[in-house]
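Colleague: Predicted structure and sequence below. I'll ask about it afterward.
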Amino acid sequence: MILDADSFLEKCIYSPEGLRADGRRWNELRQFKCQINTHANSSDGSSYVEQGYSKVVCIVNGPKEPDGRSHTFLDKACISVEVNIASFSTVDRKKVVRNNKRVQELNTTIQRTLEEAVLSHLYPRTQIDISIQVLQQDGGLLPTCVNAATLALIDAGIPMVDYVSACSAGIYDTTPLLDLNTMEENDLAFLTVGVIGKSDSLALLMMETRMSMDNLEPVMAIAIAGSHSIRDIMDREVRRHGKQRLAKKGNM
Amino acid sequence: MSTTVKRSIETKSLSISSKVFVRSSKSGNATKIVREQYLRNDIPCSSKLCLICPLNVQADVNGVVKPFVLSEDPNRTKQLGSHYIVIDANIAIQAIDLLEHKATFYDIIVPQTVLDEVRNRSLPIYARLRSLVKDEDKRYYIFHNEFRRDTFVQRQPKESINDRNDRAIRRVCAWYKSHLEESVSNSDRPNLKILKIVLITNDFDNRTKAKAEGITALSLREYIGSLPDSETLLDMIPTEDQLNNKRKEFSFPEHFPMSRLMGGVKNKTLYQGALNTNQYNFLEATVSTPAYPKPLLILGLENINRAFNGDSVVVELLPQSEWKQPSTQIVDEEELSKNDDATNEISSVITEQERKILGQEALDAQTSSAEFKIQPTAKVVGIIKRSWRYYVGHIVPNSTTSDKTSSTKSVFVQLMDRCLPRIRIRTRQSATLVGKRIVVAIDSWPANSRYPEGHFVRALGEIETKEAETEALLLEHDVEYRPFSKTVLDCLPKEGHDWKVPENLDNGDEQLKKRKDLRDLLVCSIDPVGCQDIDDALHAKMLPNGNHQVGVHIADVGHFVKANTPLDDEGASRGTSVYLVDKRIDMLPMLLGTDLCSLKPYVERFAFSVLWEITPEGEIVKTDFTKSIIRSREAFSYEQAQIRIDDDSQQDELTQGMRVLLKISKKLKQERINAGALNLASPEVKVHMDSETSDPGDVEIKKLLDTNSLVEEFMLLANISVAKKIYESFPQTAMLRRHGSPPATNFEILNDQLRVRKNMTVSLESSRALADSLDRCVDVKEPFFNTLVRIMATRCMLAAEYFSSGSYAYPEFRHYGLASEIYTHFTSPIRRYADIVAHRQLAAAIGYETLAQSHREKDKMERICGNINKRHRNAQFAGRASIEYYVGQVLKASESEQEGFVIKVFSNGIVILVPKFGVEGLIHIEDLCGDPTSSEFDESTYCLNFTEKSGTKRQIAIFDKVKVFVKSEKDESTGRRKVRMSLLS
Amino acid sequence: MKFSPAEISYLRNSLELPSPIRPDGRSSQQYRPLEATTDFLPTANGSARVRTSDGGECIVGVKARVVKAASESSLINIDVDIAGVRDDSSAVVLLSSTLQTAIQASLPENALKLTDVYSFKLFIDALVISQPSNPFNITSLATYLALKSTRLPKLVSATDDAEAAEIPVFDDDWDQSTFLGQDETRQKWSPPIFTVMAVVGNNLFVDPSVEEEFVSDAGILAGWSADGKVIAPIRIIDLGGKRNGGLKSTLIYKAYSLLQSTAPDVIEALNAIGDQDSLSIF
């Protein structure tokens, strides 16, 4: 008669049968949908990314005349990132002001991540504006933003070393879980990685919860593997769009 | 570990659906919730007959594929043939006892739909269902139908969620049927029989629909009726609703709907709290709410309104005109309801007797001069959470007719817990169950029934047999006493009793290298006689600089019990070993507790050592912690150790060491007392058992020797040292133990009693002041008086508790009783789980190993602490109840005249403590004097004046020493053996 | 955007003609093609996205929260966020306050009422992602569509809670929820829409493009309620044109009749979009 009910409550995150609350297994991504060139009329590059119920629009303008001295570098382009989180993006409506510390940090993190891959030295004294609209959040805010930004930069024709693809992973007891949704993020220790191309080099590693060293390795490994898969999906979209463009050109 | 990623978008085995629903929050908000749901094809049916699913199953992280559960040769009955069973949520919730029954219910498919519903409705039953699934013998399988594409059903427009779930369950039945048929028809084993899938549900509608869809569906009663040994099982079927409708014996006020309760609590017009029934008066209860400094009074059956002791309830205040003071009376449920017949209807709403008592109290409240004692009263308007569990009791003999037929009858069950009402159950076996201890479960308490309805679970044995009573008290205190399961035992070292400390310490094991070899130290252990689970051992050694090296070595349980193993889970849920008079319920399997971990003499053992350098004056120069290997030279009992120390002819090094330890321990103790440590007494009684018949022989108060305090002092020191260390390393999650200073209100009554009767007070300014003032409470004529005050003071104190260091601010860490700033439990890992956690945290703090995630997350630690606090309390209660039972048995054989002290005075009785046996007894006013109405109770002086039967006037006041005749007596109507005292002049 | 004097003069002249020629060939009462999607944010009570052919885009999400009606100054809260524009700029303030007043005025009295104490409060958040021309049009249209797609959970607990406090409890089935402002007893409610018209000389043009705005004398903003009335506020707004000297009063009547002839068509077109079941925006 062991009725310590509380300890069972959390078990719904990952059942003894090896299924998560949404029916995925430990190593499965959520549905990843993406599209580029969604805002052809209003921007140089644009994209739309869905990771499960996280939905993000990204618009890139540039390289262009910088906004002033503070945005001018003599040796490279200035990448400026502005994430705007819609008040209706969370389950309970929450107004997020633009200069909110969390958002500022998110901006900087994404900017640093992209700087690892964008060949910004090709465009000295210019500015590349990346504006990200978060329409809906269900975990993985940072990776979704990074993936959307990568796609929009590609759409804008800005040269990069390779894709930067990002994905989160967490740990439940000793089982690593890939691509967490909000419910899982709230309960688990997790990290986010951003990977350059199909390599192991990380453009981004973010961990804001505590995780023991023993768990770090398997969690990183699955997160990197997840990022690689996302890269493939994004690559397919870019090629699909490229083909479509070529076909149009051929018709003209 | 392989790191493969499945991409949902690519592998076409997954498709997506979404769940959309509205969640009403406690604050009244309505939120639209949308969740993704991935549907898949790789969820197996888990039948050993199936040839399709094995090709399709997925391994877990470690590449392990779960074995299939459902048998090739399952349940078989005459009518149904071989079959698998599918159950619905109501069956799981109402008949979990039956599902757990060893005789029947094998090969059960529990659809996920059912599991989720059970979890939402009752976590304890969910936990039991989960452990059934773990039990390999029972062959329960959780089928995740909601995640399988061909069994998932979408809610239809206007369909209620219940109807949708019922449809999902029927879909499971249909799927299994066709799936197994397909599988069998594809097989090359022609002799495979086609299995039936049987849906068990008590929902008539669901059964009808199932039958229309070609699914075999039975009610629980029908199914059990088809089993060979149905007679006894039928009793375990929960009472069904239609039975209640006929009865109109009583009408409780209806509870408010949940929305109203939540609204009221939020608005602060209603109050929520746990109901606490008065131990001496079951018609009176209190509810502590955050809104008031003192608990609210709930008086009378109707106001308590079907709440049980311990339920979480919502109450509404009564008008001020109905406020009263707490009663000064003793009311026993059994006395009042003795004559109720379980089947007859009772017309009056409140019985005459209840009314009389209530009326008298109302009068008291009005005539009482002390107006400040009037307390606000309230009534229960809703029950948020039931504390219902299994209850042990017996059938009230006069509630059943004497005919011996096996027709179903309603009978009353009187529970052992006196704070609870009797339960009505329906049974065919009333004739055979009378006179037995039985376990019952409660199903419901409808508003039109005076008593809660329940059903029989099982019989423990004849009342007053040792086995039945022991099991009863373990059940009553929620102590897990069943043998360890196979999965738990599988975690033990394969070598079993032959496990040894490796001979070669340099065998490449990195952790072994970190252990200090302390085998050359002269270590010994000192414990009670016959102790097998030796947690601790000590040594003292002279250092060249004149200081002493003192070491406390604790069994290294952490080495054998690794975090997050089934063994660890079991230990964590048991929380502590439970010591009964003649029995020990282990927290860890015997192999560890009494052998591999136990620091037995003459063998090498792993230990966790705390080493101090202490000056001869008792000052600590240095503290070290290390995992070690030791070899105890001797296991002493307290007496043996004392004799050896006192014997001047013993001059060997070991004895010298013990003398040093004793000397230092005395200094440590003095320091502690100077700091304000309390010496609180409770009469610790030991029951001597006849070694042959193991019948209790005699009762004796435990003696304390110097060596007891020697061990105690060093254990305290070790605990404090470890507490400091783990708090330093894990400031948020260190496992610590605190003892809050008692609030002054707790001592109000005792202080008033002392002031009025003895002109003494106890001071609460500090623990030092309390200790000193307790020392001053001395009655020259009565040496026991001081102990008596200490016993009563102890009851005013708060209980010490485990906590995770992040839960309190540092000043709140204080252990009041020990007068230590910080404290933990480290020294008894074999019998307490808290110590195991402390061991792991200390091991991590000294860099021996990494710490499990569960011990460094605040909320997980809080959960662990909550559980072990509860287990610890239950263990203490169980231990006391066991002593009480045996004292009763001893007294059965020997009635005698004893000295006693009055510790409580009521208007209609007194409570007397007999130190010799450590028992308390109640004497009713009727037994004190011939005419109860002539008695007078003076509340302000705690005096009861009455005329004895012989005609002499007598006054009894609190603290009075009296002579009583003590015997034990079995109350035939309640089956309870009670200590019966009568006052002698 | 910058124009050469020749361009300006050409634009101005062709728009001033008695039968004006718009640069994109539209008639003066014709909207540019719109692309709209509704109900694409599953976690919101209602949502819509409107895009214009010149790249303007507005996304509106509506969320409902249960509040105590007595403690709220308004049961409608509109928040407009225009990318690259400060929250306190006059354009944003005008936009949100106009919509707020008009929606509040048009909403049936008890549309948000739950019980004697509790009520829903609507949070309408508009996000203008890009806006080459005046954002009023798209924001108003997107808000219209979002409100039309807004559904509110169904209350199952008692409604008379003035005496005994009760926390509202709702049907967990989202399918039982009702569209805002619609139940058996009531007419179908539709939110008001707003139209911006550019004034060039004696002519008026609905849904002006950037070029038209640039050469305009001023703009006229007017609302249209679903029951076929022109509603307040009717006001003159600055569209960025550089002219001054005021407007002829007759233009207001002209605007009035222009609205009457275009608005019903616009609403009809919007309702056609709203009736579609769409869940993805791309």
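Modeller: Good, I have the coordinates. Numbering: from 1, shown residues only, chains lettered A, B, ... in the order given.

Colleague: which stretches of the stretch 701-850 of chain B form helices?
Modeller: B:706-729, B:744-758, B:767-776, B:784-796, B:833-845 (DSSP state H, counting those that start in this stretch).

Colleague: C-alpha coordinates for the first one, CSV please?
Modeller: It refers to helix B:706-729. Backbone C-alpha positions of helix B:706-729 (Å, rounded to 0.1, in the frame of the first residue of the first chain) are rendered in CSV as follows:
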residue,chain,number,x,y,z
ASP,B,706,26.4,6.2,30.4
THR,B,707,27.2,4.3,27.3
ASN,B,708,23.8,5.1,25.8
SER,B,709,24.7,8.7,26.0
LEU,B,710,28.3,8.1,24.8
VAL,B,711,26.9,6.7,21.5
GLU,B,712,24.2,9.4,21.4
GLU,B,713,26.6,12.3,21.8
PHE,B,714,28.9,11.2,19.0
MET,B,715,26.0,10.5,16.7
LEU,B,716,24.7,14.0,17.3
LEU,B,717,28.1,15.4,16.6
ALA,B,718,28.4,13.4,13.4
ASN,B,719,24.9,14.5,12.3
ILE,B,720,25.7,18.2,13.0
SER,B,721,29.1,18.0,11.2
VAL,B,722,27.5,16.4,8.1
ALA,B,723,24.6,18.9,8.1
LYS,B,724,27.1,21.7,7.9
LYS,B,725,29.0,20.1,5.1
ILE,B,726,26.1,19.2,2.9
TYR,B,727,24.4,22.6,3.5
GLU,B,728,27.6,24.2,2.3
SER,B,729,27.7,22.2,-0.9
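
Colleague: Would you mind confirming that residue B:386 is in contact with residue B:311?
Modeller: Yes: when contacts are counted by C-beta atoms under 8 Å, residue B:386 is listed as touching residue B:311 (5.6 Å). Just so you know, the C-beta spots here come from the backbone N, C-alpha and C atoms, and that holds for glycine as well.

Colleague: related to what we said a few turns ago, of all the helices of the stretch 701-850 of chain B, which one comes closest to chain A?
Modeller: Taking C-beta to the nearest C-beta, helix B:833-845 is the member of the helices of the stretch 701-850 of chain B nearest to chain A, at 9.4 Å.

Colleague: So that closest one, near chain A or not?
Modeller: No: for helix B:833-845 and chain A, the contact criterion (C-beta under 8 Å from any C-beta of the partner chain) is not met; the two come no nearer than 9.4 Å.

Colleague: By residue count, which helix of the chain is the longest?
Modeller: Reading this off chain A. As assigned by DSSP state H, the longest helix anywhere in chain A is helix A:213-251.

Colleague: Let me rephrase: I mean chain C.
Modeller: Taking DSSP H as the criterion, chain C has its longest helix at helix C:250-274.

Colleague: and that helix, what does it pack onto?
Modeller: Counting contacts by 3 or more C-beta pairs under 8 Å, 6 or more residues apart in numbering or on different chains; DSSP states H and E, helix C:250-274 packs against strand C:34-38, helix C:136-148, strand C:193-200, strand C:203-206, strand C:218-225, strand C:229-237.

Colleague: Buried residues, that helix. List them.
Modeller: If you call a residue buried by 16 or more other C-beta atoms under 10 Å in any protein chain shown, then helix C:250-274 has these buried ones: C:251, C:254-255, C:258-259, C:262-263, C:266-267, C:270, C:273-274.

Colleague: now do stretch B:709-719
Modeller: B:709-711, B:713-719.

Colleague: could I get these as JSON lines with distance to residue B:868 and pLDDT?
Modeller: Formatted as JSON lines, the buried residues of stretch B:709-719 follow (distance: C-beta to C-beta, whole Å; pLDDT from 0 to 100):
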{"residue": "B:709", "distance to residue B:868": "26", "pLDDT": "86"}
{"residue": "B:710", "distance to residue B:868": "27", "pLDDT": "90"}
{"residue": "B:711", "distance to residue B:868": "23", "pLDDT": "91"}
{"residue": "B:713", "distance to residue B:868": "25", "pLDDT": "91"}
{"residue": "B:714", "distance to residue B:868": "23", "pLDDT": "93"}
{"residue": "B:715", "distance to residue B:868": "18", "pLDDT": "93"}
{"residue": "B:716", "distance to residue B:868": "19", "pLDDT": "93"}
{"residue": "B:717", "distance to residue B:868": "23", "pLDDT": "94"}
{"residue": "B:718", "distance to residue B:868": "19", "pLDDT": "95"}
{"residue": "B:719", "distance to residue B:868": "15", "pLDDT": "95"}
